[in-house]
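> sequence-free structure coming up:
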């Protein structure tokens, strides 16, 4: 059915939709279980196991701990030449649980894989669910890309929980640093002149960044937290630590902005005499590029499920390591919405709505829409050729 008679495609769509509904209670249960036991980046052992176990039960071939990440996984079904990937996220945020809705994201990706797997043989597909940890931190997708986990994937998809349904948005590229200033301790009252104040170095750098903001290009952002500022109020701080993030509309611009921010950190060290250590934290996230054909297919599928989808073409929505995937292969990352009473992601209020009826519907609709996109891609001879040609080009360019 790779050429795709219309009647055959209609049958595939019906099979996909019915299969997601068949697994509906299990998918909602998975989402609720992830929500009830939130695990932060690289500690998602129970979460990854829940996903892996469900897919193994459904007949998928499951590999755990892939890419040297103990909480990453791959679950595959089918033997077709065209490999379509679904990215499952499941890490939570420290202190506020699933405030970014990754319980919904992960369950929807699992549902999409289950739904498309039922027609994998007829459509000449291999369905590949990729469990991607640490999106909120070091960037599991970027690490799995480097490890070769996406090497055979012709297109990748996921949906992301949000207060509304949208398609087409980009995201900001982002890079993070862990930094340490090391000075010299001294009694703060008896002989402060004998010390080198590491906290002063941090304060100077933070002030310099604040002044730099006026000259940053549109879309560039800098934000950070001080994680250590000294040990005792009457001792000149000999060590301070912080984590800073820099964001920009593209990786190219990110590199330029980061050099200017680095100069602010170096200025703090120069002015105080403290030693500066800068270490990259995790992987840089690239800007998100959403495939036009896949976006249109997703919109058709979502509207067919009774959802209202807003185009956010030209807008940016935070940052995601799905951007790294999208810069190498066709991908989509639409948002799937439900009522959060006005709360936005990364707040406790958003977490509170993660097991609502609207969130549960979003899981099944998101799973169905993604799986229908996969069926559309596989059944279209033109799209199949495009994806396989792109995959061959990537392999040749290695």
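Cool, the structure landed. It should be emphasised that the depicted structure is a prediction, and the values quoted were computed from it without experimental measurement. Numbering: from 1, shown residues only.

> okay, strands next: where are they in the stretch 101-250 of the chain?
Using DSSP state E, counting those that start in this stretch, the strands of the stretch 101-250 of the chain run over 125-131, 155-157, 160-162, 166-167, 173-182, 221-228, 239-248.

> now the ones you listed as TSV including distance to residue 384 and mean pLDDT?
Placement of C-beta: from N, CA and C, glycine included. Listed next are those as TSV, based on distance: least, CB to CB, whole Å; pLDDT from 0 to 100:
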stretch	distance to residue 384	mean pLDDT
strand 125-131	10	98
strand 155-157	10	98
strand 160-162	26	98
strand 166-167	22	98
strand 173-182	31	98
strand 221-228	40	97
strand 239-248	36	98
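
> would JSON lines of those strands with distance to residue 110 be doable?
Converted to JSON lines, the strands of the stretch 101-250 of the chain look like this (distance: least, CB to CB, whole Å):
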{"stretch": "strand 125-131", "distance to residue 110": "6"}
{"stretch": "strand 155-157", "distance to residue 110": "13"}
{"stretch": "strand 160-162", "distance to residue 110": "14"}
{"stretch": "strand 166-167", "distance to residue 110": "21"}
{"stretch": "strand 173-182", "distance to residue 110": "27"}
{"stretch": "strand 221-228", "distance to residue 110": "33"}
{"stretch": "strand 239-248", "distance to residue 110": "30"}
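
> would CSV of these with mean neighbour count and distance to residue 43 be doable?
Shown next, in CSV, are these (neighbours: other CB atoms under 10 Å; distance: least, CB to CB, whole Å):
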stretch, mean neighbour count, distance to residue 43
strand 125-131, 26, 14
strand 155-157, 27, 24
strand 160-162, 25, 21
strand 166-167, 20, 30
strand 173-182, 22, 18
strand 221-228, 14, 18
strand 239-248, 21, 18
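
> of these, which approaches residue 377 most closely?
The closest of the strands of the stretch 101-250 of the chain to residue 377 is strand 155-157. By CB to CB, the value is 6.2 Å.

> residues contacting residue 345?
Contact analysis of residue 345 by CB atoms under 8 Å, 6 or more residues apart in numbering lists 99-101, 161-162, 318.

> kindly apply the preceding question to residue 366 instead.
Residues in contact with residue 366 (CB under 8 Å, 6+ apart) are 104, 108, 111-112, 159, 336.

> same deal with residue 251?
Counting by CB under 8 Å, 6+ apart, residue 251 touches 173, 284, 286-287.

> one more time with 10 Å, if that's ok
Residue 251 is in contact with 173-175, 284-287, 323-324, 327, counting by CB atoms under 10 Å, 6 or more residues apart in numbering.

> wait, which of the strands of the stretch 101-250 of the chain is closest to residue 142?
Of the strands of the stretch 101-250 of the chain, the one closest to residue 142 (CB to CB) turns out to be strand 173-182, at 10.8 Å.

> pLDDT at residue 14, what is it?
Note on residue 14: pLDDT of 97.

> wait, I meant residue 317
pLDDT for residue 317: 87.
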